[in-house]
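Q: Below is the structure, and that's it, no one-letter string:
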């Protein structure tokens, strides 16, 4: 089995609907420009409030993806 | 643009239904007595278990709100 | 009132659907072999990505349960 | 069962005698102006030194109390 | 010597000029409504960016102040 | 000298009297079913409040104990 | 209102003069190659010492910027 | 694909030779009584000193293993 | 008022009796060789277990003391 | 002396052999596409287990590298 | 190139004027009795308040300095 | 059994060869001027990069050693 190298980037998704939707939007945006996305880690969950109610969920993720081809 | 001062308070919402609902209940309760709520940060997510199943989601938030009028 | 002792174990639930569903699966699995489950604490939320979209939410919990009978 | 909202405040008690006494003094002071105190969490334990010996234990607590009446 | 109880609140000051100015604005705002302010702790330093340059420094502080009269 | 392997479990003791008593109760309960207990680490100190006064100290410990016989 | 996705990168600015100047240099460098810079968070403040005096302040920032166009 | 539940336990391996050897001893000991070991996370690295030199490396791991059969 | 410089050292006290006694022993030992001790901060509380009961409380402190004479 | 700006990226190397080899593979991969690599910081050490033995060490690093030419 | 060993000490500087000045005072005091000071890391920033305004900035640093001559 | 007091110092070892070698160099240097070294804790692992490859591993340790003679 090969020994891969991965990179992790930090990305913030936002959604009016749910925490999961904010995660999905962030992952989908990463997927537009990066291949081999492998996993995510939630770093922070926060959000904006308008008129005394939650307006957006904002979820900060680290997204890990595999680089190039294995070292062997 | 003015230079505001904000206060952050720590509040725990609970819900039988979802993490988002617990957040909304906490924010709504803040909104009953405070104006200018601006953002929230999730500090901790936990919950109670009854009969071997989740009974309540309990989400601790910091809620930030703007104080008085800007310093200039 | 009695003075109980509790144990906390660390468990990871996964779900294709939501964070709450991953929590429920982890708690339900604990409930199959342990009694007196009392509370949970979310330690980490992460997940796997397949084809550029979230495949599984993976939520690490600590689950607390009461041991034996009270010390008095 | 109802779904409550709680607030947490941060308070520092001090005592010449013990850590427990510092906690009790902080909780008692909260109890003078707040109802429905429910739990505390120790955040930090420190103290002052005079003449090469401990003068005061200073314990920072978060104290949680239930707000108003349940949301349902 | 008396054994005091202190409360800590969390406050965010902002300034176009410097981190110190943001701290001073936050402390000054606390001082308008609270007596016996005693110390502050910097919790987080962040800021907003406009046109590729720092627009505001935003500093989150905990501010500690002495409550009522000493317990003895 | 042998090279041991240890396991750590997380346990919560509670006491109406003191933090030390809560620790002792947790350790004693571990000792009823486990041998070779070697050390403990305090992870969290919290408690319940009743009628505006501390009702129970609740101390979360990690307890380390040696497994089986040394690997050599 | 649209639901944006943001990326955060980690950058270290240094300055002989002040912490604020180190922050400004880091932000300015980001601004040379990235658009829509929105906020920064100070992660770490350190520095080098020469001849027993501070030579450089080195401030690690996370800088957040908005990606592409909103998801809707 | 099925949705598994995992448990994580905390284990300390020690070795006179290297950090990797301490990790291997801890994992091997887990493998004697547990099936489906899947991953480990290093939590802490410390050690004992004798006669002014390192005597043992002591590495605390969390070891994750899959429970029972998948929930579907 | 003068602008002092302080040094903090890390010290571990142990006691068979209580957490407070372990703190006092650590502070007293510092006081034998250092002047101007000013405050302490508890960093970690742990202990040893013998025969299934707590043998020693071991408390790690940072102790702060004032250096030389004020810079002005 | 010039005042540089650095960027830090997060990268995960894996190796069947050792923690150091995993670090080297991660650094080497960075070196293929980036110049002026200057330092690394280990963020997390974990790994995969196969057949009850360590299969891969996986080490997450932050790697710092100097950007462009100094600001003066 | 030689392989050095460094020591880090923890020091608190205070200043009525600025955070940078508090850092400089702490570093300067270290420089009076130690050679080969190499770098500092800011651990904590806090301060005292008098009459509702900042009286002193108090900055806790770790200061690293090289020991003796290289091991070669 | 006696009740000892320990001191912990922070030391950074570096090595071109391995993490273990960096630890050993740091411990050996402590042993040249201090007696009764008892244990170490790894606080941070980092290193320098030259020509796109690891040049030095730099490991920050806390080293604990027993002070004077037991308090009895």
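A: Done, it's in. Model, not experiment: these values are computed from the prediction. Residues are numbered from 1 along each chain as shown, chains lettered A, B, ... in the order given.
Q: Strands along chain A, start to end?
A: All strands of chain A, identified by DSSP state E, fall at A:5-15, A:37-50, A:53-66.
Q: nearest to chain C, of those strands?
A: Between chain C and those, the shortest gap by C-beta to the nearest C-beta is with strand A:37-50, which sits at 4.1 Å. From N, CA and C alone the C-beta is placed, and that goes for glycine too.
Q: The closest one pairs with which strands, and in what direction?
A: According to DSSP bridges, strand A:37-50 forms sheet pairs with strand A:53-66 (antiparallel), strand B:37-50 (antiparallel), strand C:37-50 (antiparallel).
Q: just how off-centre is it within its chain?
A: Offset of strand A:37-50 from its chain centre (C-alpha atoms, centre = their mean, to the nearest Å): 7 Å.
Q: If you count neighbours, what's buried in that strand?
A: Buried residues in strand A:37-50, counted by 16 or more other C-beta atoms under 10 Å in any protein chain shown: A:37, A:39, A:40, A:41, A:42, A:45, A:46, A:47, A:48, A:49.
Q: mind listing what residue A:24 touches?
A: Residue A:24 is in contact with A:13, A:15, C:53, C:54, counting by C-beta atoms under 8 Å, 6 or more residues apart in numbering or on different chains.
Q: ugh, typo on my part, it should be residue A:48
A: If you count contacts by C-beta under 8 Å, 6+ apart, residue A:48 has them with A:54, A:55, A:56, A:58, B:38, B:39.
Q: for those, which one is nearest chain L?
A: residue A:58 (30.3 Å).
Q: In this model residue A:22 seems to touch the closest one, though I could be wrong.
A: Yes: under the criterion of C-beta atoms under 8 Å, residue A:58 makes contact with residue A:22 at 6.5 Å.
Q: Tell me the confidence at residue A:12?
A: Here the pLDDT value assigned to residue A:12 is 98.
Q: now residue A:68
A: We have a pLDDT of 79 for residue A:68.
Q: does it really touch residue J:30, like I thought?
A: No: the pair residue A:68 / residue J:30 is not scored as a contact, 11.5 Å apart, by C-beta under 8 Å.
Q: what about the closest residue in space to residue A:5 that isn't next to it in sequence, how many neighbours?
A: Leaving aside its chain neighbours, residue A:5 sits nearest to residue J:29 (4.2 Å; criterion: C-beta to C-beta, 6 or more residues apart in numbering or on different chains). Other residues lying near residue J:29 total 22 when counted by other C-beta atoms under 10 Å in any protein chain shown.
Q: can you pull the contacts of residue J:29?
A: Applying C-beta under 8 Å, 6+ apart to residue J:29 gives the contacts A:5, A:67, A:68, A:71, J:11, J:13.
Q: between those residues, which has the most around it?
A: Most crowded among the contacts of residue J:29, counting by other C-beta under 10 Å, is residue J:13 at 28 neighbours.
Q: Next up, phi/psi of residue A:67, please.
A: Main-chain dihedrals, residue A:67, degrees, to the nearest 10: phi -100, psi 150.
Q: list the contacts for it?
A: Here residue A:67 is in contact with A:4, A:5, A:6, A:7, A:36, J:29 (C-beta under 8 Å, 6+ apart).
Q: Quick check: the two most widely separated of these?
A: A:36 and J:29 (13.6 Å; C-beta to C-beta).
Q: Give me the local confidence score for residue A:71.
A: So, for residue A:71, pLDDT stands at 46.
Q: do the same with residue A:3
A: On pLDDT, residue A:3 comes in at 83.
Q: Give the residue spans of chain A that score low on pLDDT.
A: For chain A, the stretches flagged by pLDDT under 70 are A:1-2, A:69-72.
Q: try 50
A: Counting by pLDDT under 50, the low-confidence segments of chain A come to A:1, A:71-72.
Q: And the residue of it closest to chain H?
A: For chain A, C-beta to the nearest C-beta, closest residue to chain H: residue A:39, 11.9 Å.
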